[in-house]
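# turn this into a structure:
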Amino acid sequence: MRKVLFILICLPLGLFAQQQTGRIDKMLTIFNDVVRQLDMNYVDTLNYEEMAETAINQMLRKVDPYTVYFPKQKDDDLRMLTTGKYGGIGAIIALREASGKGKDSTYIIISNPYHGQPAQQNDVLAGDIILSVDGVSVRNKQVADVSKLLRGVPGSFIKLELLRDGKTIVREFDRAEIHLEPVNYYTCIGDIAYIVFSEFTEGSAKDFKAALDELVNSNSVKGLVIDLRGNGGGIIDEAIQIVSNFVPKGTTVVSTRGKISVSNNTYSTSSEPSYPDLPVVVLVDKNSASASEIVSGSLQDLHRATIVGQRTFGKGLVQNVRPIAYDGHLKVTTSKYYLPSGRCIQAIDYNEVHKGKKVEKDTAGGILPDIIINDSSKVDITYSLYVKHMFFDYSVRYHRTHEMINLPKDFVLTDDDIADFCKFLEEQHFTYETETSKYFDDMLEIAKMEDIDSTTLAALKALEPKLKPSFQEAIQRNIDEIREYLGAEIVERYYFQKGRIAYQIRFDDELKRALEVFVTN
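Numbers count the residues shown, from 1 in each chain. Here you go, the predicted structure:
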C-alpha cells in the first residue's frame, strides 16, 4: 500500500516536470526559428551575438533585478562584484553633457580617484576630462564603454590623454589590481568606536575585526556604532563572521530557503565572540541591502544591537554564480533569506515598494529600525546645486587655486569662500528654479483665462518674488546645508573619501542620534 501511495504522489510531479520541459523546448524552438528566419531573409547583416545578449538580458529583467548574465568578456565585472578587486586605474568616472550642446555631445570626467591607487599616484585629478585611452577617442562614449577601456590586466600599460584647465596632458603608467577598502573609515567619538563599512567582499570581515581591535586596544571603548548606510551587501559568509563578533558560538544568524535542497541552508556562528558584551548600534538607511540587512536584522532579532535609521531596502534574495556555455556565467536567484525570528528580508510586494507605491506594513520587507529617523531629503537649492554639479565643479577650481587646507576635522568655509562660490555660480550662468515656480506662469495664464478678478491676480503676482527667488537668497536661507555639502566636496579633493567622512561627522544628525543611544541606555 505504501508503494502504491508513493507512485500516486510522485506521478503528478513527474508529469509537471515533463510539462515544464515541454514548454521550455517549445519556446526555444520558436526562438531558434525566429533567428533562422532573420538570418535567411533580413535585408542587412545582423550582429547575432549582440542580439542574443540583449534577448537574454531582457528576459532576465522580467525575473528580478539580481539575476544577471555575464558573458566571458564581462569576467572582470563578475570578479569585481564578488571580490571587490579588478585591474584598472582606481578612479570613478562620470558622464557629463557639454554645455548647451545636448545629449549628442558628451564627455567623461574623472569624478574621484581613489587614494593610493595608480590614477592618484600618477597625477590624475578629479575634474580631468578624458580625451582618449590608449589612443582610442572616448568622445560621446558611455561610462560603461570607457570603463572597459580603462580596465585591463594588472601590470599592463595605459596611456591617458586628459584635458585640464583647457590644456591637454598625457599620463602614462601601469594598471594595478584595485581592491576597494570595505572599511571606509574608523575612529573613536569620545568613548564610542565608529566604523563605516561599505561592502561585504572577500576578507572584509577580517578588515572589520582589525579596525575594531585597533580602536578597542587604543581607547577606552564603551560602545560601537556600525555604519551600514549605503552598503548594498555582498558575500553572506562575511556577514556571518561580522555577527560572530557579538553573539555566542553556534547562534543561527540567517537561513536560506529555495526550490532545490542545496539552496536550503542554515548559517550559524562558528567561533566564540570577541566582544560578547560590547553595546552595539547599527546605522542603516533605504540603501542598506542584502548582507547589510542580515547583519542588522539578525542582531536586532537576537536583541544584540539597536538599529537606527530608515527602513532598509528589502533585498532578501540569494544569488549563486553558475557556469554556462562558452565560459559565461549566470548570477541566478536561488533562495530567500530568513532571519532568526523567521521573518523574510525580501519585500513581498517588491515591485510596488520600489515604485514608491504604498503597501501593507508587513509586506514592505527590509529591516524596520528600533529608532526611525525620517529621510530628510529635500528638493531645494542644495539639491539643485548637486544635480547640476556645481559643488563638484567649484571644488575642482578651489583645489587648483589652494595648495593646502586644514585637516578635515578643522576645515571651515569662510564667508569669503561662500561669496566666491556665488561669484562662480554667476560665471556658470547657474539658475535656480523651484518646483513651485515651474508651474507659476501656467497658473497665472489659467487664472486669466478663468476671468479671475484683477485684485486676486495682483495678489498672485505679488507671490512671484517668493516663488522665484534668486539663488543668492536661497543660499543664505540654507547656508548651513550649503557649507556642509560644499565643504565635503572640497575636503574630498585633498583628503579623498576618508577625509570626506571625517569632515561630515560633525554635521551627521543620524550619527548623533545613534550616539545618544549609549547615553540613554
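# which elements pack onto whichever strand in the chain runs longest?
When secondary structure is assigned using DSSP state E, the longest strand within the chain turns out to be strand 328-338. Under the contact definition 3 or more C-beta pairs under 8 Å, 6 or more residues apart in numbering; DSSP states H and E, strand 328-338 sits against strand 68-70, helix 75-83, strand 252-258, strand 317-324. (C-beta placed from N, C-alpha, C; glycine too.)
# could you list the low-confidence segments of this structure?
Across the chain, the stretches falling below the confidence threshold (pLDDT under 70) are 1-21, 82, 84, 99-104, 348-364, 435, 438, 465-468, 521.
# quick revisit: tilt between the longest strand of the chain and strand 317-324?
Inter-element angle recorded for strand 328-338 and strand 317-324: 160 degrees (by axes from the mean of the first three to the mean of the last three C-alpha atoms, to 10 degrees).
# Glu464 and Glu426, how far apart?
Using C-beta to C-beta, to the nearest Å, Glu464 is found at 21 Å from Glu426.
# typed the wrong thing, it's Ile30
Note on Ile30: its distance to Glu426, by C-beta to C-beta, is 61 Å.
# Ala502 is nearest to which of the helices and strands packed on strand 328-338?
helix 75-83 (26.6 Å; C-beta to C-beta).
# okay, the angle between the closest one and strand 317-324?
Orientation of helix 75-83 against strand 317-324 (the same axes, to 10 degrees) gives an angle of 140 degrees.
# please compute how far the helix or strand just after helix 75-83 lies from its chain's middle.
Moving toward the C-terminus from helix 75-83, the first helix or strand encountered (DSSP states H and E) is strand 85-88. Here the centre of mass of C-alpha atoms in strand 85-88, compared against the chain's by C-alpha atoms, centre = their mean, to the nearest Å, lies 18 Å away.
# next one: stretch 503-516
Between the mean C-alpha point of stretch 503-516 and the mean C-alpha point of its chain there is a distance of 21 Å (C-alpha atoms, centre = their mean).
# give the buried residues for that stretch.
503-505, 508, 510-511, 514-515 (16 or more other C-beta atoms under 10 Å).
# count the residues that sit near the closest residue to Asn374 other than its chain neighbours.
When the adjacent residues along the chain are set aside, Asn374 lies closest to Gln310, with 7.4 Å between them (C-beta to C-beta, 6 or more residues apart in numbering). Residues contacting Gln310 under the criterion other C-beta atoms under 10 Å number 22.
# with Ser437 instead?
Should you count by other C-beta under 10 Å, Ser437 turns out to have 15 residues around it.
# and it, how far is that from Ile260?
In this structure, Ser437 and Ile260 are 57 Å apart, going by C-beta to C-beta.
# run through who's touching stretch 161-169.
Contact with stretch 161-169 is made by 110, 124-125, 127-133, 170-171, 400, as judged by C-beta atoms under 8 Å, 6 or more residues apart in numbering.
# give me that answer again for 6 Å
For stretch 161-169, the external contacting residues (C-beta atoms under 6 Å, 6 or more residues apart in numbering) are 128-129, 131-132, 170.
# can I get those residues in a markdown table including distance to Ala144 and secondary structure?
Formatted as a markdown table, the entries for the contacts of stretch 161-169 read as follows, by distance: C-beta to C-beta, whole Å; DSSP: H, G, I helix; E, B strand; the rest coil:
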| residue | distance to Ala144 | secondary structure |
| --- | --- | --- |
| Asp128 | 19 | coil |
| Ile129 | 18 | strand |
| Leu131 | 18 | strand |
| Ser132 | 17 | strand |
| Val170 | 24 | strand |
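# Gly499 and Glu489 touch, don't they?
No: with the criterion set as C-beta atoms under 6 Å, Gly499 and Glu489 do not qualify as a contacting pair; they are 10.9 Å apart.
# re the thing from before, which one's more surrounded, Glu464 and Glu426?
The neighbour comparison of Glu464 against Glu426 (other C-beta under 10 Å) goes to Glu464, with 13 against 10.
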